[in-house]
Each structure stands twice: as C-alpha cells, then as structure tokens.
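Student: got a sequence here, can you build the structure:
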Amino acid sequence: MLTITDASSLLQRANDRRGRLALLRTLGFQAPVGTLDPAAAQRLGLEPEIRRAEVAAGPGALRALIADVRPDASLRDCAGRAARRLAQRSPELLWLVLATRRAGDAVLVVPTPGGASAAAALAIDPAGVRPSDAESFAALDGARGPSDLDTHLRWREVLGRDGLTRRFYRDLEQTVHALADGASGTADDAIRRQLALRCVSRLLFLSFLEVKGWLDGDRAFLSRQVAARAQRLHITLLEPLFFGTLNTPISRRAPASRAFGCLPYLNGGLFTRDALEKRYRGVRFADADIARAVGDVLSRYRVTAHEGSAEFAEAAVDPEMLGRAFESLMASEERRNTGAFYTPPAVIRHIVDLALDAALPGSALQDALAQAREG
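Tutor: Presented below is the predicted three-dimensional model:
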C-alpha cells in the first residue's frame, strides 16, 4: 500500500505529463494509446476549452480521461462538467477524470454513475501539497480491489465530504481542547474553551484569506509569522494581528501593525474583543498549542473558498464544512444565546427565492432572474 510520504512525492511530481501518468499508473491505469479525435470528443460532450483529451484503460470498466484544459478556462468547472457528461453519455464505463493545465495544477474527479449527483474531487497543487492531499491519494490507492465497481465506489467515498469532515472535525475539536487546557490565567474550563474556540475560528477564517492571497500576498502567512516569532505568540502575534491590525482601518494602523504587510480591514465583528475576552484578558494560550493549531490543522488541510455545488465537491475544507463544524463545537446554550446557527446555501437560496417571489410575482421575477444571470 502507498505510504503518505510516497503519495506526497507523487503529487509533487505531478506538474508534468510524466508525473501525471505516474499518478494514474499507481491507481491501476495503463498508458493512454492516443488522443481523442474531435468527433469522439464531441460525442462524449467535451468542451472546446479542453485542448487535448486521452483515455487510459484500467481494470474492467474503469477508464481515465486525461484532459488538458486551456490556461484561460476554469479548471474546476471544465473538470466537473467533463466528469458529469462522461458519466451520462457512457454510463457503461466507470470514469475518473484527471484535468490538467500547463501551469502545473490539476484536479482528479470521480463522478457518480450516470452523473446523478455531485462528483468527488481532489485538487492537486504540486507546489503546495498538503498532508490531507497525500492522505486522500494514498487512500485512493488502498481502496483498489478486485471489483471495478467496488473500486469506483470506494474512490468516491474516499474523496467525498463525509470522511474529510470527520477528520477535520476531530482535529479541530482536539485543537480547541488543547488551547483551552494549556492556557494560563484565571478562568474556569468552560470559559477557556469558549475563548479557545473564538481564537481558532479567527485563525481558520484567516486561512481562507490566505488561499485568496489577501494576507500580504502570502499563502503561508500564518506559518511564517509563527516561525518568525516562536515565543510569546499570544502577545506578539495573536493580539496585535487580531485587535491592532485586522480590526483597524489601514490609515489608522500603528507602525507595528503595518509591519505585518498589506492586510485587509475586516470590520465584521469577528476581530473585535467580545465581552468574555474583555473580562478575561489575562488568559493566554501556550506557544506550543498556537504553533500546533497553525501547523497541524491549518497547514494540514487544503482550504478552498468554493462551496460545494450540485456538480463538484472537492476534498477540501470549504465554508460550509467550517460552519457546520463550529456549530457542532459550540454548546447548545451558547448557540441559542448568540444565534450562531449555520445556514446551508440551499436554504439561503430557497429563502431568497421566496422573498423575490413575494416582491416580484409572476413574470417580473423571471425577468429579474434572467437579468441577474446575464449581468
């Protein structure tokens, strides 16, 4: 069985054709025999954004499509649509899609038979492989069995949200407890846990900003800041970052805050001390626990700002997963007092549709929705 170290090495080498074929060979696929001609690509529903497509045979009905996507096209969207259409137009085969771009990034997609529901996917960034990526790919190798149908089912389960959510929730819960248990200062266990959960929620929110390059353009901002200080992290990093920088307009920041670099002003309340934090300002989290929270949780998992859709569910921590995790970690009384309940996108869309229907009945609603889509 593939080790985590070997899986990580394979993903790191997947920035060219040879490395990507090595990924497929590891999963039991042969080398592709040729490029699909335009007529075959059209029959399979492949889009013009896919410049080149090849098919590799695997055991039984397993097939892999290697799709070279144009640099200006969305890799996620092309991969998701290609996987769904393959499953719909050739349901007798069990497909895996490896969509790639010359920039080096790639995505591995396993559609459901018939394309009936969201495909499961693993994003591959050879220059930034996360431990959770290597764990997922090693699990794909370990899921192979004598039955092609069973192998395909296990692959979808490996890349599905449930397994990743369980691992993420477990690590998140352990991180909150470790921060609370290791904190200094006078406060009971319940207070320490609430303060720790607040701290972790801020760090995880910042990890989403890292992905978008909004923290001084550094996608490893938190890890570098922890490494640069190493000691007294609560006082030298957390407090000035949370309360002296992110919650302060850029023009009013002190020189010490500006030293963090180009960081956005976030005025939504998350980076403002609440009543509990004002009362228990003497509580300090241990350096080792803060470093572990950043290194073992934030750096372990791939974070994406994209929420799962009806077509594409990525093996990464997205806003929906994060919202559900924090709702579960909060005590029920605390949720009621703060009104902190996660609302799934589907429910939000339904509420918005009802509100629009009431405000714009009949054809006026349809006209407004059509204009919104066009704009």
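
Student: mind listing what Glu210 touches?
Tutor: Asp218, Arg219, Ala220, Phe221, Leu222, Val303 (CB atoms under 8 Å, 6 or more residues apart in numbering). Yep, even glycine has a C-beta here, placed from its N, CA and C like the rest.

Student: between the residues you listed, which is nearest His152?
Tutor: Set against His152, the nearest of the contacts of Glu210 by CB to CB is Val303 (27.4 Å).

Student: follow-up on the earlier one: which ones among the contacts of Glu210 lie within strands?
Tutor: Among the contacts of Glu210, no member falls in strands (criterion: DSSP state E).

Student: isn't Lys85 right up against Gly115?
Tutor: Quick fix: residue 85 reads Arg, not Lys. Yes - contact status for Arg85 versus Gly115: in contact at 7.0 Å, counting by CB atoms under 8 Å.

Student: give me the buried subset of the contacts of Glu210.
Tutor: Among the contacts of Glu210, those classed as buried by 16 or more other CB atoms under 10 Å are Arg219, Phe221, Leu222, Val303.

Student: ok, these vs Asp77, which is closest?
Tutor: Closest approach to Asp77 among these (CB to CB): Val303, at 19.5 Å.

Student: ok, the closest one touching Phe208?
Tutor: Yes - counting by CB under 8 Å, Val303 touches Phe208, with 5.9 Å between them.

Student: ok, Arg85 and Gly115, which is more surrounded?
Tutor: Gly115 (21 against 17; other CB atoms under 10 Å).

Student: that one against Arg84, yeah?
Tutor: Yes - using CB under 8 Å, Gly115 is in contact with Arg84, at 3.9 Å.

Student: ranges for the helices of the stretch 201-350 of the chain?
Tutor: If DSSP state H, counting those that start in this stretch is used as the criterion, the helices of the stretch 201-350 of the chain fall at 221-229, 233, 239-241, 255-258, 275-279, 287-292, 319-329, 332-338, 345-359.

Student: which stretch in those has the least confidence?
Tutor: If you rank those by mean pLDDT, helix 332-338 sits at the bottom with a mean of 49.

Student: and Ala22, what helix or strand is that in?
Tutor: helix 17-26 (DSSP states H and E).

Student: then Ala64?
Tutor: Assigned by DSSP H and E, Ala64 belongs to strand 62-69.

Student: for the stretch 51-200 of the chain, which segments are assigned as helices?
Tutor: For the stretch 51-200 of the chain, the helices defined by DSSP H, counting those that start in this stretch occupy 75-89, 131-142, 148-159, 161-182, 189-211.

Student: arrange these in TSV, one row each, with distance to Arg43 and mean pLDDT as further columns.
Tutor: Converted to TSV, those look like this (distance: least, CB to CB, whole Å; pLDDT from 0 to 100):
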stretch	distance to Arg43	mean pLDDT
helix 75-89	7	92
helix 131-142	28	94
helix 148-159	22	94
helix 161-182	32	88
helix 189-211	37	91
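
Student: and of the ones you listed, who's closest to Thr26?
Tutor: When the helices of the stretch 51-200 of the chain are compared (using CB to CB), the closest one is helix 131-142, at 5.7 Å.

Student: next, the angle helix 161-182 makes with the closest one.
Tutor: Between helix 131-142 and helix 161-182, the angle comes out at 140 degrees (axes from the mean of the first three to the mean of the last three CA atoms, to 10 degrees).

Student: now do helix 131-142: which elements does it pack against?
Tutor: helix 4-12, strand 119-124, helix 148-159, helix 161-182 (3 or more CB pairs under 8 Å, 6 or more residues apart in numbering; DSSP states H and E).

Student: just to revisit the earlier point, pull out the buried residues from the helix holding Ala22.
Tutor: Per 16+ other CB under 10 Å, helix 17-26 contains these buried residues: Gly19, Arg20, Leu21, Leu23, Leu24, Thr26.

Student: angle of that helix against helix 4-12?
Tutor: 140 degrees.

Student: give me the mean pLDDT for helix 17-26.
Tutor: For helix 17-26, mean pLDDT is 95.

Student: one step back: the strand holding Ala64 pairs with which strands, and in what direction?
Tutor: Strand 62-69 pairs in its sheet with strand 50-57 (antiparallel), strand 94-100 (parallel), by DSSP bridges.

Student: mind checking how far Asp105 is from Ser74?
Tutor: 11 Å (CB to CB, to the nearest Å).
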